[in-house]
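Novice: make a model of this:
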Amino acid sequence: MTVEILRAENLVELGVRHGFTTRQGGVSSAPYDTLNLHFKSEDAPEHVLENFQRVAAAADLALENFVMTEQAHSTNILPVGIAEAGRGVLREGFTAIDGLMTDTPGLILTAYCADCALIFLADLDRRAVGIAHAGGVGTKAGMTSKIVERMCDEYGLLPEDLICAVSPCICGNCYEMDIKAENLRQLVAAGVPEGQIFISKHCTCEEVDTFFSHRAASSGGAGGVGGGHTGRQIGFITL
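Specialist: Residues are numbered from 1 along each chain as shown. So this is what the prediction gives:
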């Protein structure tokens, strides 16, 4: 099966290069089958690297330009530039960073998840993009509001100029909070017009043939072995 990359309609219309992977099209074995993109899992590192290479090829992107952090459900946000290219994928990355932003063309901001939401942000007039990891903990702590504020401060953006998207994630029927609705609320409260926000309709926990789901794997579903052992999708965005 080939690598499938999902995209947000509003970002596609703007020509923003971005995407969100599914669990299909890779080389990893169960319970990480098959397109696991998390180096800190118990999956073989060579499998994860091959999976990244397949994503890069499918998206026509340079593997050496990906930058990814080891997330910690924090609200820590890091501006990155060309010096950070390859970190977290081809060389040692950052720890406890859940948001990345850049005004460097070609740098590919990357985050992983398996039920949490990823927030994509772009302002092509002022040439800046960002990505944030917002699960239940990060969402409650206001991660999405904070990355909007930080990008505006760092790059001189206006919230009303941002085009945003919320990735596939666990839905309110499968989790004790509606992560999509809360992140939409935070974006609007921060000044992003609701008409400029795309919300994915996919639920990672309900669509376990398509997505990795920590919640489903914790119960031994989705081919999991209990304890939440499963792979991770990634989202990416670049100028």
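
Novice: burial of Ala44, as a residue count?
Specialist: 14 (other CB atoms under 10 Å). Where C-beta positions appear, they are placed from N, C-alpha and C, glycine not excepted.

Novice: what sits closest to it if chain neighbours are left out?
Specialist: Ser28 (7.5 Å; CB to CB, 6 or more residues apart in numbering).

Novice: list the contacts of the one you found.
Specialist: 34-36, 43-44, 47-48, 51, 231 (CB atoms under 8 Å, 6 or more residues apart in numbering).

Novice: quick check: which element contains it?
Specialist: Using DSSP states H and E, Ser28 falls within no helix or strand.

Novice: so how far is Arg215 from it?
Specialist: 20 Å (CB to CB, to the nearest Å).

Novice: coming back round to it: filter the contacts of Ser28 to the buried ones?
Specialist: 34-36, 43, 47-48, 51, 231 (16 or more other CB atoms under 10 Å).

Novice: for Ala134, state which of the residues you listed is nearest.
Specialist: The shortest gap between Ala134 and any of the buried ones among the contacts of Ser28 belongs to Gly231, at 19.5 Å (CB to CB).

Novice: roughly how far does the closest one sit from Leu162?
Specialist: 30 Å.

Novice: what does Ala190 give?
Specialist: Distance from Ala190 to Leu162, by CB to CB: 9 Å.

Novice: His202 now?
Specialist: 22 Å.

Novice: which one's more surrounded, these two?
Specialist: Leu162 (25 against 17).

Novice: pLDDT score assigned to the more buried one?
Specialist: On the pLDDT scale, Leu162 is placed at 98.

Novice: so what's it closest to, chain neighbours aside?
Specialist: Closest to Leu162 by CB to CB, 6+ apart is Val192, at 5.0 Å.

Novice: that neighbour: what's it in contact with?
Specialist: Val192 touches 148, 159-160, 162, 164, counting by CB under 8 Å, 6+ apart.

Novice: and the residues you listed, which of them are buried?
Specialist: 148, 159, 162, 164.

Novice: and which of these is nearest to Glu4?
Specialist: Once CB to CB is applied, the member of these that ends up nearest Glu4 is Cys164, at 22.3 Å.

Novice: which stretch of helix or strand covers that closest one?
Specialist: strand 163-166.

Novice: which ones are touching Glu207?
Specialist: Pro168.

Novice: mind doing that once more with 10 Å?
Specialist: 22-23, 168, 171, 213, 216, 222 (CB atoms under 10 Å, 6 or more residues apart in numbering).

Novice: now swap in His73 and tell me
Specialist: With CB under 10 Å, 6+ apart, His73 has these contacts: 96, 98, 116, 133-141, 143.

Novice: now with 7 Å, please.
Specialist: The contact partners of His73, taken as CB atoms under 7 Å, 6 or more residues apart in numbering, are 98, 135, 137-138.
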